[in-house]
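Undergrad: Any chance you could fold what I've pasted below:
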Amino acid sequence: MKLKLLSLSALFALATPAISEEKSLKIEGAPDPLEVAADASGPTGEIPNDLLDDAEIHLKLAVNPFTAPSISKMFDTLQFLMPLPIAETERKMPARMSQDRADLAIELGFLIADGFLMVQAEQLKDVETMAKDLTRYGKALGAGDRVNRHAAGLLESAKNGGVAQLKIELSATQKDVESELVALQDADLARLISLGGWIRALEVSSVAVDKQFSPERARKVMRKDIAEYYADCITGLEPKISARPNYLAIRELLEGLSKKMNLDNGQEPTPESMKEIRKVSGQLVELALKRQQ
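TA: Next comes the predicted model:
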(Lines give C-alpha, C1' and ligand atoms only; values in the text may rest on other atoms or scores of the structure.)
Protein backbone atom coordinates (compact mmCIF):
# COMPACT_ATOMS: atom_id res chain seq x y z
CA MET A 1 0.00 0.00 0.00
CA LYS A 2 1.52 3.34 -1.05
CA LEU A 3 2.09 6.00 1.53
CA LYS A 4 0.08 9.24 1.26
CA LEU A 5 1.88 12.33 -0.05
CA LEU A 6 4.22 13.61 2.63
CA SER A 7 4.08 17.19 3.86
CA LEU A 8 6.80 19.59 2.72
CA SER A 9 8.26 19.71 6.22
CA ALA A 10 8.38 15.91 6.43
CA LEU A 11 10.12 15.70 3.08
CA PHE A 12 12.61 18.34 4.16
CA ALA A 13 13.34 16.43 7.37
CA LEU A 14 13.86 13.23 5.40
CA ALA A 15 16.07 14.91 2.84
CA THR A 16 18.35 16.54 5.43
CA PRO A 17 18.98 13.99 8.20
CA ALA A 18 21.43 14.80 10.99
CA ILE A 19 22.51 11.29 11.72
CA SER A 20 26.10 11.71 12.69
CA GLU A 21 28.60 14.48 13.26
CA GLU A 22 31.19 12.35 11.48
CA LYS A 23 29.45 11.71 8.15
CA SER A 24 26.14 12.46 6.52
CA LEU A 25 23.50 9.92 5.65
CA LYS A 26 23.92 10.42 1.90
CA ILE A 27 25.95 7.57 0.44
CA GLU A 28 27.72 7.88 -2.89
CA GLY A 29 25.65 6.15 -5.53
CA ALA A 30 22.61 5.80 -3.24
CA PRO A 31 19.22 7.16 -4.35
CA ASP A 32 18.03 10.55 -3.16
CA PRO A 33 15.97 10.10 0.06
CA LEU A 34 13.19 12.09 -1.66
CA GLU A 35 12.88 9.24 -4.14
CA VAL A 36 12.54 6.87 -1.20
CA ALA A 37 9.73 9.04 0.18
CA ALA A 38 7.91 8.91 -3.13
CA ASP A 39 8.41 5.21 -3.64
CA ALA A 40 8.45 3.32 -0.36
CA SER A 41 5.48 1.49 1.08
CA GLY A 42 4.83 0.53 4.65
CA PRO A 43 2.30 0.10 7.42
CA THR A 44 -0.78 2.29 7.42
CA GLY A 45 -1.09 2.23 11.21
CA GLU A 46 0.64 4.68 13.56
CA ILE A 47 3.55 3.58 15.71
CA PRO A 48 2.35 3.43 19.34
CA ASN A 49 3.58 6.62 21.00
CA ASP A 50 5.39 4.87 23.83
CA LEU A 51 7.56 2.99 21.30
CA LEU A 52 9.02 6.21 19.90
CA ASP A 53 12.30 7.52 21.24
CA ASP A 54 12.26 10.83 23.07
CA ALA A 55 12.47 14.16 21.25
CA GLU A 56 16.21 14.61 21.79
CA ILE A 57 17.00 11.25 20.21
CA HIS A 58 14.51 12.02 17.43
CA LEU A 59 16.41 15.19 16.59
CA LYS A 60 19.85 13.62 16.81
CA LEU A 61 19.00 10.52 14.83
CA ALA A 62 16.78 12.18 12.21
CA VAL A 63 13.49 10.37 12.64
CA ASN A 64 11.65 10.24 9.32
CA PRO A 65 8.35 8.81 8.02
CA PHE A 66 9.92 5.34 7.78
CA THR A 67 11.14 5.15 11.37
CA ALA A 68 10.40 1.86 13.10
CA PRO A 69 9.43 1.40 16.76
CA SER A 70 12.35 1.64 19.16
CA ILE A 71 13.62 -1.63 20.62
CA SER A 72 14.91 0.40 23.56
CA LYS A 73 11.39 1.57 24.39
CA MET A 74 10.06 -1.98 24.16
CA PHE A 75 12.52 -3.05 26.81
CA ASP A 76 11.64 -0.17 29.15
CA THR A 77 8.59 -2.26 30.08
CA LEU A 78 10.70 -5.19 31.20
CA GLN A 79 12.05 -3.33 34.21
CA PHE A 80 8.54 -3.73 35.69
CA LEU A 81 8.62 -7.49 35.09
CA MET A 82 11.72 -8.48 37.03
CA PRO A 83 13.00 -11.09 37.57
CA LEU A 84 13.51 -11.83 33.89
CA PRO A 85 13.84 -15.47 32.76
CA ILE A 86 17.05 -14.84 30.85
CA ALA A 87 18.56 -18.32 31.26
CA GLU A 88 15.27 -19.98 30.35
CA THR A 89 14.86 -17.96 27.15
CA GLU A 90 18.53 -17.79 26.12
CA ARG A 91 19.23 -17.93 22.39
CA LYS A 92 22.57 -18.02 20.60
CA MET A 93 23.10 -16.30 17.27
CA PRO A 94 23.87 -18.69 14.39
CA ALA A 95 27.57 -18.99 13.59
CA ARG A 96 26.84 -18.92 9.84
CA MET A 97 25.47 -15.71 8.39
CA SER A 98 22.35 -15.94 6.24
CA GLN A 99 22.64 -14.83 2.61
CA ASP A 100 19.15 -13.32 2.79
CA ARG A 101 18.87 -9.68 3.90
CA ALA A 102 15.41 -10.07 5.45
CA ASP A 103 16.74 -12.93 7.58
CA LEU A 104 19.70 -10.78 8.61
CA ALA A 105 17.45 -7.86 9.54
CA ILE A 106 15.13 -9.78 11.82
CA GLU A 107 18.07 -11.62 13.43
CA LEU A 108 19.74 -8.26 14.07
CA GLY A 109 16.57 -7.20 15.87
CA PHE A 110 16.87 -10.25 18.11
CA LEU A 111 20.54 -9.45 18.71
CA ILE A 112 19.88 -5.83 19.73
CA ALA A 113 17.06 -7.04 22.00
CA ASP A 114 19.43 -9.51 23.63
CA GLY A 115 21.80 -6.61 24.22
CA PHE A 116 19.11 -4.86 26.24
CA LEU A 117 18.52 -8.10 28.15
CA MET A 118 22.23 -8.23 29.04
CA VAL A 119 22.11 -4.64 30.24
CA GLN A 120 18.91 -5.21 32.22
CA ALA A 121 20.51 -8.21 33.94
CA GLU A 122 23.89 -6.41 34.15
CA GLN A 123 25.64 -9.33 32.44
CA LEU A 124 28.34 -7.05 31.09
CA LYS A 125 30.82 -9.89 30.58
CA ASP A 126 28.85 -10.92 27.48
CA VAL A 127 28.99 -7.50 25.82
CA GLU A 128 32.18 -8.27 23.86
CA THR A 129 30.56 -11.24 22.11
CA MET A 130 27.45 -9.18 21.38
CA ALA A 131 29.55 -6.33 19.95
CA LYS A 132 31.30 -8.76 17.59
CA ASP A 133 27.95 -10.14 16.43
CA LEU A 134 26.60 -6.62 15.89
CA THR A 135 29.63 -5.84 13.74
CA ARG A 136 29.08 -8.96 11.63
CA TYR A 137 25.43 -8.16 11.02
CA GLY A 138 26.03 -4.47 10.41
CA LYS A 139 28.64 -5.25 7.79
CA ALA A 140 26.38 -7.79 6.08
CA LEU A 141 23.56 -5.21 5.87
CA GLY A 142 25.85 -2.47 4.54
CA ALA A 143 26.04 -0.43 7.73
CA GLY A 144 29.38 -1.67 8.99
CA ASP A 145 31.04 1.70 9.61
CA ARG A 146 28.20 2.99 11.77
CA VAL A 147 27.86 -0.23 13.74
CA ASN A 148 31.63 -0.42 14.31
CA ARG A 149 31.52 2.94 16.09
CA HIS A 150 28.71 1.77 18.36
CA ALA A 151 30.43 -1.57 19.00
CA ALA A 152 33.49 0.32 20.22
CA GLY A 153 31.24 2.45 22.43
CA LEU A 154 29.58 -0.67 23.84
CA LEU A 155 32.94 -2.19 24.79
CA GLU A 156 34.10 1.04 26.42
CA SER A 157 30.85 1.41 28.37
CA ALA A 158 30.97 -2.22 29.53
CA LYS A 159 34.56 -1.76 30.71
CA ASN A 160 33.49 1.28 32.72
CA GLY A 161 30.28 -0.34 33.98
CA GLY A 162 28.21 2.31 32.20
CA VAL A 163 24.78 0.64 32.01
CA ALA A 164 22.96 3.82 30.96
CA GLN A 165 25.46 4.49 28.17
CA LEU A 166 25.12 0.89 26.96
CA LYS A 167 21.40 1.47 26.44
CA ILE A 168 22.09 4.66 24.51
CA GLU A 169 24.60 2.89 22.24
CA LEU A 170 22.20 0.03 21.54
CA SER A 171 19.36 2.41 20.72
CA ALA A 172 21.64 4.44 18.47
CA THR A 173 22.79 1.26 16.72
CA GLN A 174 19.22 0.47 15.67
CA LYS A 175 18.60 4.03 14.47
CA ASP A 176 21.86 4.28 12.52
CA VAL A 177 21.28 0.97 10.73
CA GLU A 178 17.69 2.02 10.07
CA SER A 179 18.82 5.31 8.51
CA GLU A 180 21.39 3.57 6.32
CA LEU A 181 18.76 1.10 5.09
CA VAL A 182 16.27 3.88 4.32
CA ALA A 183 18.94 5.68 2.24
CA LEU A 184 19.46 2.45 0.30
CA GLN A 185 15.69 2.03 -0.23
CA ASP A 186 15.52 -0.86 2.25
CA ALA A 187 13.02 0.69 4.69
CA ASP A 188 11.31 -2.73 4.91
CA LEU A 189 14.43 -4.17 6.52
CA ALA A 190 14.46 -1.38 9.12
CA ARG A 191 10.97 -2.48 10.15
CA LEU A 192 12.04 -6.13 10.28
CA ILE A 193 14.81 -5.22 12.73
CA SER A 194 12.18 -3.64 14.97
CA LEU A 195 9.84 -6.63 14.54
CA GLY A 196 12.60 -9.01 15.61
CA GLY A 197 13.25 -6.92 18.71
CA TRP A 198 9.57 -6.89 19.67
CA ILE A 199 9.11 -10.64 19.18
CA ARG A 200 12.12 -11.26 21.43
CA ALA A 201 10.76 -8.82 24.03
CA LEU A 202 7.35 -10.49 23.90
CA GLU A 203 8.90 -13.92 24.41
CA VAL A 204 10.82 -12.85 27.51
CA SER A 205 8.00 -10.78 29.02
CA SER A 206 5.30 -13.41 28.48
CA VAL A 207 7.44 -16.09 30.14
CA ALA A 208 8.17 -13.71 33.04
CA VAL A 209 4.49 -12.98 33.62
CA ASP A 210 3.40 -16.59 33.16
CA LYS A 211 5.87 -17.66 35.84
CA GLN A 212 4.85 -14.88 38.25
CA PHE A 213 1.34 -13.84 37.28
CA SER A 214 -0.60 -10.80 38.36
CA PRO A 215 -3.15 -8.76 36.38
CA GLU A 216 -0.95 -5.67 36.70
CA ARG A 217 2.08 -7.47 35.24
CA ALA A 218 -0.04 -9.05 32.52
CA ARG A 219 -1.32 -5.66 31.33
CA LYS A 220 2.26 -4.72 30.45
CA VAL A 221 2.24 -7.57 27.91
CA MET A 222 -1.35 -7.25 26.65
CA ARG A 223 -0.58 -4.69 23.95
CA LYS A 224 -3.23 -5.13 21.27
CA ASP A 225 -2.06 -1.96 19.51
CA ILE A 226 1.48 -3.26 19.05
CA ALA A 227 0.33 -6.64 17.71
CA GLU A 228 -1.95 -4.85 15.25
CA TYR A 229 0.83 -2.48 14.17
CA TYR A 230 3.22 -5.30 13.31
CA ALA A 231 0.51 -7.32 11.54
CA ASP A 232 -0.12 -4.26 9.37
CA CYS A 233 3.63 -3.77 8.98
CA ILE A 234 4.03 -7.24 7.45
CA THR A 235 1.17 -6.56 5.05
CA GLY A 236 3.00 -3.44 3.86
CA LEU A 237 6.31 -5.19 3.14
CA GLU A 238 7.33 -5.71 -0.45
CA PRO A 239 5.56 -8.82 -1.82
CA LYS A 240 8.68 -10.95 -2.18
CA ILE A 241 9.04 -10.75 1.63
CA SER A 242 5.43 -10.50 2.82
CA ALA A 243 4.40 -13.51 0.71
CA ARG A 244 6.91 -15.85 2.32
CA PRO A 245 5.18 -18.67 4.21
CA ASN A 246 6.77 -17.76 7.55
CA TYR A 247 5.72 -14.10 7.26
CA LEU A 248 2.18 -15.04 6.25
CA ALA A 249 2.06 -17.27 9.34
CA ILE A 250 3.50 -14.49 11.55
CA ARG A 251 0.84 -12.05 10.32
CA GLU A 252 -1.92 -14.58 11.03
CA LEU A 253 -0.57 -15.19 14.54
CA LEU A 254 -0.33 -11.45 15.20
CA GLU A 255 -3.92 -10.89 14.09
CA GLY A 256 -5.06 -13.65 16.44
CA LEU A 257 -2.81 -12.31 19.19
CA SER A 258 -4.42 -8.87 18.99
CA LYS A 259 -7.77 -10.53 19.76
CA LYS A 260 -6.30 -12.44 22.71
CA MET A 261 -4.85 -9.18 24.04
CA ASN A 262 -8.13 -7.28 23.79
CA LEU A 263 -9.34 -6.22 27.25
CA ASP A 264 -12.61 -4.47 26.46
CA ASN A 265 -15.43 -3.88 28.97
CA GLY A 266 -13.19 -3.92 32.03
CA GLN A 267 -11.91 -7.45 31.43
CA GLU A 268 -9.02 -8.62 33.57
CA PRO A 269 -6.09 -10.64 32.21
CA THR A 270 -6.10 -14.26 33.38
CA PRO A 271 -3.33 -16.80 33.90
CA GLU A 272 -4.87 -18.86 31.09
CA SER A 273 -4.71 -15.95 28.63
CA MET A 274 -1.07 -15.37 29.55
CA LYS A 275 -0.23 -19.02 28.90
CA GLU A 276 -1.80 -18.62 25.45
CA ILE A 277 0.26 -15.52 24.74
CA ARG A 278 3.41 -17.29 25.92
CA LYS A 279 2.65 -20.16 23.54
CA VAL A 280 2.07 -17.81 20.60
CA SER A 281 5.25 -15.85 21.37
CA GLY A 282 7.25 -19.07 21.11
CA GLN A 283 5.66 -19.79 17.74
CA LEU A 284 6.49 -16.27 16.56
CA VAL A 285 10.13 -16.75 17.54
CA GLU A 286 10.41 -20.00 15.58
CA LEU A 287 8.81 -18.45 12.49
CA ALA A 288 10.84 -15.24 12.68
CA LEU A 289 14.14 -17.14 12.88
CA LYS A 290 13.22 -19.56 10.09
CA ARG A 291 15.68 -18.72 7.35
CA GLN A 292 15.11 -18.77 3.61
CA GLN A 293 16.47 -21.91 2.04
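
Undergrad: In terms of secondary structure, what does the longest helix along the chain contact?
TA: Secondary structure of the chain read by DSSP state H shows that its longest helix is helix 187-211. When contacts are defined as 3 or more CB pairs under 8 Å, 6 or more residues apart in numbering; DSSP states H and E, helix 187-211 sits against helix 71-76, helix 101-121, helix 163-183, helix 215-221, helix 224-235, helix 271-288. (Glycine included, C-beta is placed from N, CA and C.)

Undergrad: buried set for that helix?
TA: 187-210 (16 or more other CB atoms under 10 Å).

Undergrad: what angle do it and helix 101-121 make?
TA: Our comparison of helix 187-211 with helix 101-121, counting by axes from the mean of the first three to the mean of the last three CA atoms, to 10 degrees, yields an angle of 40 degrees.

Undergrad: Could you check the angle helix 187-211 makes with helix 271-288?
TA: 150 degrees.

Undergrad: okay, the angle between helix 187-211 and helix 224-235?
TA: Computed by the same axes, to 10 degrees, the angle between helix 187-211 and helix 224-235 is 150 degrees.

Undergrad: mind checking how far helix 187-211 is from the chain centre?
TA: 7 Å (CA atoms, centre = their mean, to the nearest Å).

Undergrad: Quick check: mean pLDDT of it?
TA: Per-residue pLDDT values across helix 187-211 average out to 92.

Undergrad: With stretch 79-96 instead?
TA: Rounded to a whole number, the mean pLDDT of stretch 79-96 is 84.

Undergrad: now do stretch 118-131
TA: 84.

Undergrad: Could you work out the end-to-end span of that stretch for me?
TA: Taking CA to CA, to the nearest Å, stretch 118-131 runs 12 Å from one end to the other.

Undergrad: which outside residues touch it?
TA: By CB atoms under 8 Å, 6 or more residues apart in numbering, the list of residues contacting stretch 118-131 from outside reads 75, 78-79, 82, 84, 86, 111, 114-115, 151-152, 154-155, 157-158, 161, 163, 166-167, 170.

Undergrad: Can you select the buried ones from those in ChimeraX?
TA: Selecting only the buried members of the contacts of stretch 118-131 in ChimeraX, with burial defined as 16+ other CB under 10 Å, works like this:
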select :75,78,84,86,111,114,115,151,154,155,157,158,166,167,170
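
Undergrad: phi, psi of Ile250?
TA: phi -60, psi -50 (degrees, to the nearest 10).

Undergrad: close enough to count as contact, Arg278 and Val207?
TA: Yes: judged on CB atoms under 8 Å, Arg278 makes contact with Val207 at a distance of 5.8 Å.

Undergrad: so how far is Ala68 from Val177?
TA: Taken as CB to CB, to the nearest Å, the spacing of Val177 relative to Ala68 amounts to 10 Å.

Undergrad: whoops, Leu166 was the one
TA: 21 Å.

Undergrad: Ok, Leu284 next?
TA: From Leu284 over to Ala68 the distance is 17 Å, taken as CB to CB.

Undergrad: Show me which of the two is the more surrounded one.
TA: The residue with the greater number of neighbours, taking Leu284 and Ala68 and applying other CB atoms under 10 Å, is Ala68; the counts read 30 against 24.

Undergrad: In three-state terms, how would the more buried one be classified?
TA: For Ala68, the assignment made with DSSP: H, G, I helix; E, B strand; the rest coil gives coil.

Undergrad: check contacts around the residue lying closest to it once chain neighbours are set aside.
TA: Closest residue in space to Ala68, ignoring its immediate chain neighbours: Ser194 at 3.5 Å, by CB to CB, 6 or more residues apart in numbering. With contacts defined as CB under 8 Å, 6+ apart, the neighbours of Ser194 are 68-71, 109, 174.

Undergrad: And for Met261?
TA: Applying CB under 8 Å, 6+ apart, the residues contacting Met261 are 221-224, 227, 277.

Undergrad: now Glu268, what's its secondary structure?
TA: Reduced to three states with three-state DSSP, the structure at Glu268 is coil.

Undergrad: these two touch, right, Asp114 and Ile86?
TA: No: counting by CB under 8 Å, Asp114 does not reach Ile86; the two are 9.2 Å apart.

Undergrad: quick one: the residue lying closest to Asp176 once chain neighbours are set aside from Glu180, how far?
TA: With CB to CB, 6+ apart as the measure, Arg146 is the residue that lies nearest to Asp176, at 4.0 Å, once sequence neighbours are left out. Between Arg146 and Glu180 the distance, using CB to CB, works out to 6 Å.

Undergrad: cool, and Arg91?
TA: Using CB to CB, Arg91 is found at 25 Å from Glu180.
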